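**Student:** Quick one, structure for this:
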Amino acid sequence: MLGVIGSLIITAIIAYLWGSLPAGYWMGKLLRGRDFDIRAYGSHKTGATNVHRTLGTVPAVVVFLLDISKGVGPALLATHVALFQGDGWGILVAGLCSLLGHCFPIFIGFKGGRGVLTGAGGILVISPFTFLISAITAFSTIGISRYVSLGSLVGCVTAIVCGMLFYILGLANPTIFVHITLGQMLYLVVVPALVILFHADNIGRLVHGTERKIERKKTGEGQRKPLYNPLKTVIRRLHLPG
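**Tutor:** Predicted structure coming up:
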């Protein structure tokens, strides 16, 4: 028998290596070539937001799913596989290490993303209701303000509040459907708090009004986007009059 310490060590190693898989970095290599490093563009991070700004929507969706899976996978192992449960503390260790793996990936020089989606993946496994509420507040904030970073921060604060509230409710009524364990509550508090800490530069830019917003497509004030005319395009390319 490995014991609790041995279980937690194995969980930490697997979760960190899993979290270190740099989906956004690899996506850039796949689409732009081996010399391309997405960390040289935009926010200099490997997360889905920078992938969207740099490579487009479809690559961003793929990276979004891969990054969130890096939180889901270790959390599922720590929840349902006895070897990784660590007497109830495996979920906290798995969440912390997968987050640290994403933000400081060993495979690409310890420079990765901010951990929003990887942290959210663990929340989805631990408390789907917390995930839902946090997603609603996050995307609502993004939709209103057009600041992805602000939405992420609001979602993190929501998760922290829900984690503490649901734990207290569970102590009062262990049969309530939102009941969570102490280890799960600590995950819902510590991991989002770290994500907020990793947004320190974004917070500074938000305070000073220099944070970048989601850009809206513009076709000119009071103008309609012209309809695509394939015949005219062919004429132009053939240098024909008309």
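**Student:** CA atoms only for the helix or strand where Ile133 lies, dumped as CSV, please.
**Tutor:** Taking DSSP states H and E as the definition, Ile133 sits inside helix 128-145. Extracted as CSV, the C-alpha positions of helix 128-145 are listed here (Å, rounded to 0.1, in the frame of the first residue of the first chain):
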residue,chain,number,x,y,z
PRO,A,128,-21.5,21.3,-11.7
PHE,A,129,-23.8,23.8,-10.1
THR,A,130,-20.9,26.0,-9.2
PHE,A,131,-19.6,25.7,-12.7
LEU,A,132,-22.9,26.7,-14.2
ILE,A,133,-23.3,29.8,-12.0
SER,A,134,-19.7,30.8,-12.5
ALA,A,135,-20.0,30.4,-16.3
ILE,A,136,-23.2,32.5,-16.3
THR,A,137,-21.6,35.4,-14.4
ALA,A,138,-18.4,35.1,-16.4
PHE,A,139,-20.0,35.1,-19.9
SER,A,140,-22.5,37.8,-18.8
THR,A,141,-19.7,40.0,-17.7
ILE,A,142,-17.8,39.4,-21.0
GLY,A,143,-20.9,40.1,-23.0
ILE,A,144,-21.6,43.4,-21.2
SER,A,145,-18.0,44.7,-20.8
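**Student:** Name the residues that touch stretch 190-200?
**Tutor:** Applying Cβ atoms under 8 Å, 6 or more residues apart in numbering, the contact partners of stretch 190-200 are 92, 95-96, 99, 103, 114-116, 119, 122-123, 149, 152-153, 155-157, 159-160, 163, 203. C-beta: built from backbone N, CA, C; applies to glycine.
**Student:** got it, and stretch 81-88?
**Tutor:** With contact meaning Cβ under 8 Å, 6+ apart, stretch 81-88 is reached by 2, 4, 7-8, 10-11, 14, 74, 77-79, 90-91, 93-94, 181-183.
**Student:** Are any of those buried, and if so which?
**Tutor:** Using 16 or more other Cβ atoms under 10 Å as the burial test, the contacts of stretch 81-88 include 7-8, 10-11, 14, 74, 77-79, 90-91, 93-94, 183 as buried.
**Student:** Please state the offset of stretch 145-157 from the chain centre?
**Tutor:** Here stretch 145-157 is found 12 Å from its chain centre; the criterion is Cα atoms, centre = their mean, to the nearest Å.
**Student:** With stretch 32-52 instead?
**Tutor:** 15 Å.
**Student:** Can you get me the start-to-end distance on it?
**Tutor:** Start-to-end span of stretch 32-52 (Cα to Cα, to the nearest Å) is 14 Å.
**Student:** doesn't Gly143 make contact with Leu150?
**Tutor:** No: assessed by Cβ atoms under 8 Å, Leu150 is found out of contact with Gly143, at 11.0 Å.
**Student:** I'd like the mean pLDDT over the next helix or strand after the helix holding Ile133, please.
**Tutor:** The first helix or strand that comes after helix 128-145 along the chain, using DSSP H and E, is helix 148-172. On average, the pLDDT along helix 148-172 is 97.
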